[in-house]
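Peer 1: requesting a structural model of the entry that follows:
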Amino acid sequence: MNISSLHGLPISLWAHARYRTRHLTTRRRSTAFSSHHAATAIERIYVINLDRAQERWTMVNRELSRLRDAAGHPLHTLARRFPAVDARYLRDSPPPEFLEPTYTLAEQLLVDPHPRLDIDDAARATRIDMTPQEIAVALSHIHVWQLIATSDAPYTLVLEDDAYVTRTCMSVLEHAWSDIQASADAGHPVDLLYLSYQETGEEADPRRHRRPLLRRPSRGVWQLSGYVLSQAGARKLLDQLPAHGPIDLWINQQFGHLNVQMTHRPIVEQRPGIASSNSYSVMPVLAKVGAIRREAPQSLQHRPTRDPILVIGEPGTGLSTLAKALSVLGFRCVSDLTTLPADETQALARGSRRRVFDAYVNIGSLTPREVARIVSANRVRLIMTTMSTTAAKPPSPFQEAWDQQRPERRLTLPADDPDPWQTLARFLACDYPTHPWPSQPEQGQRSVATRSQSDASTSGRPLAWDTSPWIIQRAGWSGITPKMSAPQDNPLQASQNAATWHEGTQLEDRHWYLREDTFPSNRALFRPGNATLPPRGPATLTLREEVSKVRDLTGAAIASRPSFTYGAFSARLRAPSRSGLVTGLFLHRNGPRQEIDIEILGQDTNRMLVNVFYNPGIPGTKLEYGYRGTPAVIDLGFDASKEFHHYEIDWQPDCIRWRVDGATVYERVLWDPTPVPDQPLEFNVNLWSSESTEFAGPLKREALPAVLEISSLEARGLPQA
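Peer 2: Numbering: from 1, shown residues only. Below you'll find the predicted structure:
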């Protein structure tokens with residue numbers, strides 16, 4: 001993966017134009033391909049294709065059928081489908097003789113140098129674990145190499161199923177193949193020929209013509225979506241196994257063992273408009289070390305269906321799990337409640353597009369009679385969860401609704417379905433997701449209180465929010481308050497663990513650590529040397545001018561070693577005052593991204609900002625949408641830079657309360673405007689400066705060094721299992 005290749009609009013338009021004009025070719029035939037054995041010819045084509053994406057195999061076959069080999073036979077007669085390894089079914093570590101699923105940051109930088117990063121001891125010591133998608137891609141290519149090595153074809157073309165042949169491909173190959181034949185005759189046969197690639201460094205204009213037709217790589221090369229590999233080249237690659245790291249990264253390290261050539265420009269391209277399902281392991285590491293300075297806005301716009309989804313089933317059949325799965329697919333899903341808000345019930349019954357939610361799972365007020373009435377009067381999709389594939393009948397009270405629904409608009413989803421994503425995605429006509437199928441304990445139906453029963457203030461002033469399926473932006477909507485959110489009903493109190501620190505003591509290593517990293521929108525690099533814990537008095541976190549390759553400032557951060565699920569998290573502190581400064585007290589995770597914040601902006605220390613980021617899924621779900629979150633500003637009634645005050649986040653399964661000096665100043669309940677984060681989160685306190693002057697104001701150098709003072713920290717909650 002080339003992290004420096006961020007395509008702008010002109011490049012994107014050019015790519016679409018190339019794809020649309022791919023049939024306007026002057027040559028559809030090339031002697032580089034042969035269906036008869038020849039000393040130097042491409043006699044086989046392997047297309048790496050997932051079983052669940054066979055429409056892509058059909059599309060590639062259609063592309064190849066319009067092209068001809070030396071004898072005039074269509075190229076699809078040379079093509080063979082190779083069933084790709086699917087990341088969703090990887091349960092064990094990859095075979096050690098094939099793949100070592102880790103690599104170092106130094107190896108990444110050797111192929112793709114970064115102007116702000118050095119290949120030093122720290123980079124060599126930074127190990128990166130490959131993602132399941134990267135492991136699956138690597139194993140797929142290695143298995144194809146095994147087939148090539150044992151075949152009798154001198155050369156084989158390998159294509160990934162999202163590739164297409166450009167209009168110049170056959171012409172370039174026809175002229176370039178004579179050079180390949182000459183190299184073979186001279187005793188220097190080409191082992192690997194890149195037809196599709198992306199070079200590291202500055203991206204060249206794709207319209208620029210270069211000579212000669214073939215050349216050796218002079219920089220790092222990414223992508224393996226289209227390449228020609230000789231039988232001898234396949235054997236050489238297999239001799240160097242096990243690979244380690246992403247396969248297109250590792251293969252760069254083998255160039256010394258191979259005669260590698262590339263066409264003067266890519267002549268096989270990836271089809272535009274097809275979103276990659278890969279997940280890149282290096283990106284979080286590059287963000288932490290400071291190679292990425294700004295967080296790119298993301299939004300999930302795809303909504304698979306506008307018809308409401310009703311889910312019925314007996315308790316214990318995976319209702320809560322299905323609710324989470326629907327949420328991961330991008331549906332706004334409400335689940336496991338005794339009743340819905342009255343307006344929502346009416347909108348659903350009328351078939352109104354003013355509904356707040358897309359899916360309704362295990363809702364007590366949706367009685368069998370009500371479900372039957374909704375099904376008969378509206379276009380809906382009905383899903384029934386069961387314990388097993390043999391239990392195909394609906395619960396008897398719902399038989400009428402089930403019989404009324406057309407077969408194509410109802411689905412039985414058993415808990416023992418071997419591939420529930422496939423079953424669900426086909427029924428809802430949406431893409432098979434890259435995320436793991438969730439495993440969610442059954443919540444049961446929770447009783448709902450009216451919003452007036454809450455004694456907390458919700459008078460915060462909202463700022464600009466992200467747009468996503470998991471954020472409700474509607475006037476008059478105030479969320480859903482389950483009755484169990486009351487503190488006296490909280491079942492978590494008895495089993496909580498605590499990590500604490502008080503001024504004048506050292507940080508316990510098993511509870512806390514000082515961060516030595518950063519994040520994209522932070523102008524500072526966190527360094528442990530900027531944190532002091534004196535024998536008397538408060539600890540200090542300092543933001544100062546200190547130039548490094550990745551940042552021109554350094555700051556400091558304290559984080560909890562364990563992650564927690566629910567609990568109370570607090571600090572007693574005094575925040576610095578000046579524009580551009582940000583004091584943070586927050587809980588955070590990625591994969592999926594969830595976050596609960598308190599931030600005090602130095603440009604106005606009479607207020608604090610509260611925020612929630614929510615993406616659904618279980619650990620490992622790569623949903624990290626949102627760069628604004630859902631912020632609101634709270635008036636403190638005092639200047640946070642003048643005195644020490646106690647700030648607390650009370651995070652419960654159905655409610656978040658923000659407290660200052662023991663008093664609740666703000667509260668959010670379910671879907672107000674997001675679900676409550678539900679994954680293990682790490683507790684942090686930090687001092688930093690934002691790249692966004694819109695958010696924090698401009699930083700003036702005379703404000704530095706700036707100091708955050710902390711007199712106590714406490715994290716009390718359920719530790720991650």
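Peer 1: mind checking which helix or strand the most centrally placed residue in the chain is in?
Peer 2: The centroid of the chain falls nearest to Lys622 when counting by C-alpha atoms, centre = their mean (2.9 Å). Per DSSP states H and E, Lys622 falls between elements, in no helix or strand.
Peer 1: what residues are up against the nearest residue to it once chain neighbours are set aside?
Peer 2: Nearest non-adjacent residue to Lys622, counting by C-beta to C-beta, 6 or more residues apart in numbering: Ser279, 4.9 Å away. For the C-beta atoms, the positions are set from N, CA and C on the backbone; glycine is no exception. With contact set as C-beta atoms under 8 Å, 6 or more residues apart in numbering, Ser279 has these partners: Thr131, Pro132, Gln133, Glu134, Thr434, Lys622.
Peer 1: list phi and psi for the last one.
Peer 2: As for Lys622, its main-chain torsions (degrees, to the nearest 10) stand at phi -80, psi 60.
Peer 1: now do the contacts for the residue nearest to the centre of the chain.
Peer 2: Thr131, Ser279, Thr434, His435, Gly591, Pro592.
Peer 1: contacting residues for the closest residue in space to Thr77 that isn't next to it in sequence?
Peer 2: Distances taken as C-beta to C-beta, 6+ apart place Ser35 nearest to Thr77, at 6.3 Å, with adjacent residues excluded. By C-beta under 8 Å, 6+ apart, Ser35 lies in contact with Glu43, Asp69, Ala70, Ala71, His73, Thr77, Leu78.
Peer 1: kindly report the same for Gly591.
Peer 2: Counted by C-beta under 8 Å, 6+ apart, Gly591 has contacts Pro619, Gly620, Thr621, Lys622, Leu623, Glu624.
Peer 1: equivalent analysis for Arg409, please.
Peer 2: Per C-beta under 8 Å, 6+ apart, neighbours of Arg409: Arg379, Val380, Arg381, Leu382.
Peer 1: and the gap between the last one and Ser352?
Peer 2: It stands for Leu382. Using C-beta to C-beta, to the nearest Å, one obtains 19 Å as the distance from Leu382 to Ser352.
Peer 1: got it, and the first one?
Peer 2: Note on Arg379: its distance to Ser352, by C-beta to C-beta, is 12 Å.
Peer 1: ditto for the third one
Peer 2: The spacing between Arg381 and Ser352, counted by C-beta to C-beta, is 17 Å.
Peer 1: what about the two, which has more around it?
Peer 2: A count of neighbours by other C-beta atoms under 10 Å puts Arg381 above the other of Arg381 and Ser352, at 19 against 13.
Peer 1: wait, isn't that one in contact with Leu424?
Peer 2: No. Arg381 lies out of contact with Leu424 (C-beta atoms under 8 Å); the separation is 10.7 Å.
Peer 1: shared neighbours, those two?
Peer 2: Common neighbours of Arg381 and Leu424, counting by C-beta under 8 Å, 6+ apart, are Leu411.
Peer 1: pick the one among the contacts of Gly591 closest to Glu55.
Peer 2: Lys622 (23.7 Å; C-beta to C-beta).
Peer 1: quick one: low-confidence residue ranges for this protein.
Peer 2: Low-confidence segments of the chain, defined by pLDDT under 70: 1-27, 202-211, 273-278, 296-305, 391-395, 450-458, 484-496, 721.
Peer 1: for it, longest strand please?
Peer 2: When the chain is parsed with DSSP state E, its longest strand is strand 553-574.
Peer 1: after that strand, heading C-terminal, what element do we hit next?
Peer 2: Past strand 553-574, the next helix or strand by DSSP H and E is strand 581-589.
Peer 1: tell me the contacts of the closest residue in space to Ala696 that isn't next to it in sequence?
Peer 2: Distances taken as C-beta to C-beta, 6+ apart put Ser690 closest to Ala696, at 4.0 Å, once the chain neighbours are dropped. Listed by C-beta under 8 Å, 6+ apart, the contact set of Ser690 reads Ser521, Asn522, Arg523, Gly580, Val582, Ala696.
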